[in-house]
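K.L.:
pasting the sequence and the predicted coordinates here, then a few questions.
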Amino acid sequence: MGTYITKRLLLIVPTLIGAAALVFVIMRVIPGDVALLIFGGDQAGQIDPKQLADMRHRLGLDQPLIVQFGTWLWGVLRFDFGNSLWTGRPVIEELLIRLPLSLELAIAATIVSVLIAIPLGMLAAIRQDTWVDYLVRVVSIGGLAIPSFWVGILCILMLVIFFGWGPPLEFTPPWIDPWANFQMMIWPVVTVGYRYAAVTTRMTRSTLLEVLREDYIRTAWAKGLRERAVVIRHALKNSMLPVITLVGTEFAFLIGGLVVTETVFTLNGVGRFVVDAVAHRDYPVVQALIFLIAFGFVVVNLLVDLTYAWFDPRIRYR
Amino acid sequence: MAAVTRRYHALFIVLALAVVAASVVTAVHAADTPRRGGILLAVIGADPPSLDPHQESTFATMQLVAPLYSTLIQIDPYSYPKIIGDVASEWKISPDALTYTFKIRPGIKFHDGSPLTAADVKATYDKLIFPPKETRSVRKGAYLAVASIDAPDASTVVFKLKHPSASLLENVASPWNVIYPKKYLDKDPNYFMKNVVGSGPFKFKSYTPGASFEGERNPDYFVKDRPYLNGYKFFISTETSVRAAAVRSGRAYIEFRDLPSAEVDAIKKQLGDKVVVQHTPMTGQFGIAINNTVKPFTDERVRKALTLGLDRYTGGRVLFGLTGLKDVGGLLRPGTEFAMLEADLQKLPGFGKDMEKNRAEAKKLLAEAGYPHGFKVVLKNRNVKLPYQDFAVFAIQEWRKIGIEAEHRPLETAAWFADGRDSGNFELIIAPTVEASDDPDVFLRRYTTGDTQNWGRFTDPVVDDLFSRQSRALDAAERRKVILQLQKTVLEHAYYMPGLWWSRNVVHWAKVKNYVAPPNHYANQKLQDVWLSED
């Protein structure tokens, strides 16, 4: 087990460097750079080519690519992710403004999705091909088919049209004002939670159905065990491995992948930050965020793998 | 007896009417009496790249920080484009128009308590016009006539010019030219990208990137009894429907830039008289840059065919509800001092109202140029829906009627700048012109040789000469004559293709008083006279 974990931890290093190098190259290949955009604005301005060159020099964009990458990587080793080329502020400072919100949303949405998905998935599997199963399938397919941003906009519009009320426009941390935080976060949490519950419900249903058809479950039924004991003690635990993988990767994705939902609900989260940074060609920000999100994915994957052993004692890490 | 009763009745009615009239007058007076207090809540569609208006050109910077600063002179908030003083109480221009002397009001303080003097104004304009290497000034091209700025004493600033400049006052009144304290500029010319020390009606309170920006009342503001508000707060949201919903739900009282007509109608329908919509024309035009250096657009006949094929008048009717694009005009905003008259405009290619005739002429020109069956072309664009993409789609379907098949290629903003403005890697590209005033220098410089905004990369010595002449012409009538000639030359040769002039809807709750929307989203953002009739 110890060797396995060490190997996995060591593998993180090349994975992260690979991700960083890939993002670095992609960002340089796409046309335009941050200096152009800084001068652009919506008024277009009157730009002096010399000033543009000076700006590129000031931002370090005129250095060879290998030097730029090396400088950045050296900074990362010292936990210095540099400054945003767009705002001039340290990337970490910018990230810390947004991370609590994204974490809260990811955690709450994951909890909501698990709370909805596992009971519904179980119910659909146990009552396969009954009206209950059909209803759960319709609801979950709806969650998959309807884009969450559309559900979000619909939520806001219905609140505004029918109640003349809209969610607050600014994030308040729960430790400052729990009620204001609840008023703001409940809608994106439900919107995102519903979307991910749909995926997890379907996964729970199908894996549970598979397990329920196993011989040892038939044996359990034959022994005269109660339904609860068969389903919860024998079937559910064994059907959970794919569901855990799914929930884990979803959680990692939720931290940086909720761009549209964040935009719709005016949430100043990490997802929006990444997309804005790409649009502004803010290289240090994009590189740092992708690096950190990749790090998050790797860690979550490792934790998921380690959880397998608890759910399935047959799994031994070598 | 009956007569007496009638007399009493009449007296009663007169008295009653007098009471009603008096109460109406009182009510109107009460309603018009500015109320102190309250926080103005607003929504804005973008985050500022920095807080320094000298270095930025986006409303996202201007709207947030304008209330925190003063300018030397300003455009009258209630009478655009009249120029009035701000920190300057008066100014005079020498008879040869080469010296402008401004007198600074006494007793003005920056928010850090230090006095605002002529030295601060000089340092500010030195940074704007002669920026140090480590900083930039986006609009320094507007001050090419300025030779030097002097501050002979604490209350006098003198601009010395190399040659007369008809637009100097308009450019000095630009809302972007906020005055900074010299001592901070001396330490770091980029200090104000991240910090705010102004002398405006409000003081900086807080800024959370991507979320909100707040200012609070400056009790030491140099205009007596202003501002009325205790503060203002902007919420930042890039999603149009969210900003509209925020106004609709009362989470925000105003959106200063623009909301699409469909959203405005929905807000008006739900809230009725609780909201006010100010529809204003805009100092901005959406047109198409034609790359004059690539075939077939090196041929004037092809360029003319393109402009002849665009039915601008139908476009104005169709696109107005969707985008706010509305008026047909030349290179300057219709109805303004130096704009072309409609009758003159209609004589130019593409501006006549008989579209059948225009299209026949376009097809004839294409045939003469060797394209009897039209040709295929790529129209590059910015991937922003309103109004960029709607306008492009309209133009494409218009050109199809004369045999030109245009492929619409929306690009990310960075690529749009890189391909269009900077490298000329395009055939046709949507190229808007949005400025803070109608000033001809600002609007027409882009048609001169080598100007960085000359996306179409054309060269015409006649245009260059006309631009230079109009810039120095101090007599308005003479200047108008030259400007009309310049516009005629550009449009006759179809170097550039104007589309439609923009308009905007500023929606706000009726309780927001004393705000007059100017014809652009940069000016009149100081909020010093704005008040709320209720919280």
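P.N.:
Cool, the structure landed.

K.L.:
now do residue B:139 against chain A, distance only.
P.N.:
For residue B:139, the distance to chain A equals 6 Å [C-beta to the nearest C-beta, to the nearest Å]. The C-beta positions use only the backbone N, C-alpha and C, and glycine is treated the same way.

K.L.:
surely that residue and residue B:128 touch.
P.N.:
Yes: in this structure residue B:139 lies within contact range of residue B:128 using C-beta atoms under 8 Å: 7.1 Å.

K.L.:
now do the shared contacts for the two.
P.N.:
The contact sets of residue B:139 and residue B:128 overlap at residue B:54 (C-beta atoms under 8 Å, 6 or more residues apart in numbering or on different chains).

K.L.:
okay, the two: which has more neighbours?
P.N.:
More neighbours surround residue B:128 than the other of residue B:139 and residue B:128, with 26 against 22 (other C-beta atoms under 10 Å in any protein chain shown).

K.L.:
excluding its backbone neighbours, what's nearest residue 142?
P.N.:
By default, I'm working from chain A. residue A:198 (7.2 Å; C-beta to C-beta, 6 or more residues apart in numbering or on different chains).

K.L.:
should've been chain B
P.N.:
Excluding its sequence neighbours, the residue lying closest to residue B:142 (C-beta to C-beta, 6+ apart) is residue B:171, at 4.5 Å.

K.L.:
that's a helix at the one you found, yeah?
P.N.:
Yes: counting by DSSP: H, G, I helix; E, B strand; the rest coil, residue B:171 is part of a helix.

K.L.:
neighbours of it, how many?
P.N.:
Residue B:171: 22 neighbours (other C-beta under 10 Å).

K.L.:
and residue A:274, how far from chain B?
P.N.:
In this view, residue A:274 and chain B are 12 Å apart by C-beta to the nearest C-beta.

K.L.:
likewise for residue A:204?
P.N.:
Note on residue A:204: its distance to chain B, by C-beta to the nearest C-beta, is 33 Å.

K.L.:
what's downstream of the one helix or strand that residue maps to, the next helix or strand?
P.N.:
For residue A:204, the host element (DSSP states H and E) is helix A:178-212. Per DSSP H and E, the first helix or strand lying C-terminal to helix A:178-212 is helix A:215-222.

K.L.:
and the helix holding residue A:204, what's buried?
P.N.:
Buried residues in helix A:178-212, counted by 16 or more other C-beta atoms under 10 Å in any protein chain shown: A:180-181, A:184-185, A:187-209, A:211-212.

K.L.:
and for whatever residue of chain A ends up closest to chain B, the neighbour number?
P.N.:
Nearest residue of chain A to chain B (C-beta to the nearest C-beta) works out as residue A:32 at 2.5 Å. Using other C-beta under 10 Å, residue A:32 has 21 other residues around it.

K.L.:
give me the helices and strands touching the host helix or strand of residue A:247, please.
P.N.:
Using DSSP H and E, residue A:247 maps to helix A:237-256. Applying 3 or more C-beta pairs under 8 Å, 6 or more residues apart in numbering or on different chains; DSSP states H and E, we find helix A:237-256 packed against helix A:91-126, helix A:178-212, helix A:270-279, helix A:283-311.

K.L.:
and the helix or strand following that helix, how far from the chain's centre?
P.N.:
Note on helix A:237-256: by DSSP H and E, the next helix or strand toward the C-terminus is helix A:259-264. Relative to its chain's centre, helix A:259-264 lies at 12 Å (C-alpha atoms, centre = their mean, to the nearest Å).

K.L.:
ok, back up a step: just put the helices and strands packed on helix A:237-256 in CSV and tack on mean pLDDT.
P.N.:
Putting the helices and strands packed on helix A:237-256 into CSV (pLDDT from 0 to 100) gives the following:
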stretch, mean pLDDT
helix A:91-126, 91
helix A:178-212, 92
helix A:270-279, 84
helix A:283-311, 84
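
K.L.:
wait, which of those helices is closest to residue B:472?
P.N.:
In terms of C-beta to C-beta, the element of those nearest to residue B:472 is helix A:270-279, at 41.1 Å.

K.L.:
and the angle from that closest one to helix A:283-311?
P.N.:
Counting by axes from the mean of the first three to the mean of the last three C-alpha atoms, to 10 degrees, helix A:270-279 lies at 140 degrees to helix A:283-311.

K.L.:
contacting residues around helix A:270-279?
P.N.:
In contact with helix A:270-279 (C-beta under 8 Å, 6+ apart) are residues A:27, A:84, A:86, A:94-95, A:98-99, A:102, A:255-259, A:261-263, A:282, A:285-286, A:289-290, A:293, B:47, B:210, B:238, B:412-414.

K.L.:
same check on stretch B:334-352?
P.N.:
Stretch B:334-352 is contacted by residues B:281, B:304, B:307-310, B:312, B:327-330, B:332-333, B:353, B:358, B:361, B:438, B:440, B:476, B:479-480, B:483-484, B:487-488, B:491-492, B:494, B:497, B:501 when judged by C-beta under 8 Å, 6+ apart.

K.L.:
pull the longest strand from chain B.
P.N.:
The longest strand of chain B (DSSP state E) is strand B:275-290.

K.L.:
helices or strands up against that one?
P.N.:
Against strand B:275-290 (3+ C-beta pairs under 8 Å, 6+ apart) you get helix B:261-271, helix B:300-308, strand B:325-327, strand B:428-434, strand B:496-509.

K.L.:
so where is chain B shaky, pLDDT-wise?
P.N.:
The model of chain B has pLDDT under 70 over residues B:1-31.

K.L.:
who in the stretch 101-250 of chain A is up against chain B?
P.N.:
For the stretch 101-250 of chain A, the residues in contact with chain B (C-beta under 8 Å from any C-beta of the partner chain) are A:153, A:156-157, A:159-161, A:164-171.

K.L.:
among those residues, give me the pair with the biggest separation.
P.N.:
Pairwise distances across these peak at 24.0 Å for A:161 and A:171 (criterion: C-beta to C-beta).

K.L.:
these two - which one has more neighbours?
P.N.:
Applying other C-beta under 10 Å to residue A:161 and residue A:171 shows that residue A:171 carries more neighbours, namely 26 against 14.

K.L.:
the nearest residue to that one once chain neighbours are set aside: what's it in contact with?
P.N.:
Of all residues not flanking residue A:171 in the chain, residue A:101 sits nearest, at 5.0 Å (C-beta to C-beta, 6+ apart). Residues in contact with residue A:101 (C-beta under 8 Å, 6+ apart) are A:171, A:267, A:268, A:269.

K.L.:
now the last one: how far from residue A:86?
P.N.:
Right, residue A:269. From residue A:269 across to residue A:86, the span is 17 Å (C-beta to C-beta, to the nearest Å).

K.L.:
could you do the second one as well?
P.N.:
As for residue A:267, its distance to residue A:86 is 20 Å (criterion: C-beta to C-beta).

K.L.:
ok, now residue B:87?
P.N.:
As judged by C-beta to C-beta, residue B:87 and residue A:86 stand 31 Å apart.

K.L.:
just the closest residue of chain B to chain A, please.
P.N.:
Proximity of chain B to chain A (C-beta to the nearest C-beta) peaks at residue B:414, 2.5 Å away.
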